[in-house]
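Enquirer: structure, please.
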Amino acid sequence: MPVYTYRCESCGVQFERHQSFTDAPLKTCPECRKKALKKVITPTKIIFKGSGFYATDHKSPSGDTSSVKKAEKKEKESAAKESKSAPSDAK
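Expert: You can find the predicted model right below:
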């Protein structure tokens, strides 16, 4: 449920209220009991959770960059083994 912020035009009290999208906006102030409430427009809060978001512009198939790092490490190890096992031309 979204949180709406209200401010009373009469007494200036400001408060937040959890309301459904289909609920009618509040009109009566809980402090002064006058019908002077207005909704306040506030910035939206966004919370990113989980591993499904991009660390860069490219996402790995599993959503985890560790599989990419493991593949790069294996390539480097195999290249190092090949260079060590290659016969030298020393006579």
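
Enquirer: might you list the low-confidence residue ranges for this structure?
Expert: Along the chain, the parts satisfying pLDDT under 70 run over 50-71, 82-91.

Enquirer: quick one, helices of it?
Expert: Secondary structure of the chain (DSSP state H): helices located at 66-85.

Enquirer: contacting residues for residue 8?
Expert: 14, 29, 31-32, 34, 36-38 (CB atoms under 8 Å, 6 or more residues apart in numbering). C-beta: built from backbone N, CA, C; applies to glycine.

Enquirer: kindly report the same for residue 9.
Expert: If a contact means CB under 8 Å, 6+ apart, then residue 9 has 36-38 as its contacts.

Enquirer: distance of it from residue 16?
Expert: The spacing between residue 9 and residue 16, counted by CB to CB, to the nearest Å, is 17 Å.

Enquirer: ok, residue 30 next?
Expert: Using CB to CB, one gets 12 Å for the distance from residue 30 to residue 16.

Enquirer: now swap in residue 5 and tell me
Expert: For residue 5 relative to residue 16 (CB to CB), the value is 5 Å.

Enquirer: just the strands in the chain please.
Expert: Using DSSP state E, the strands found in the chain span residues 3-8, 14-18, 37-40.
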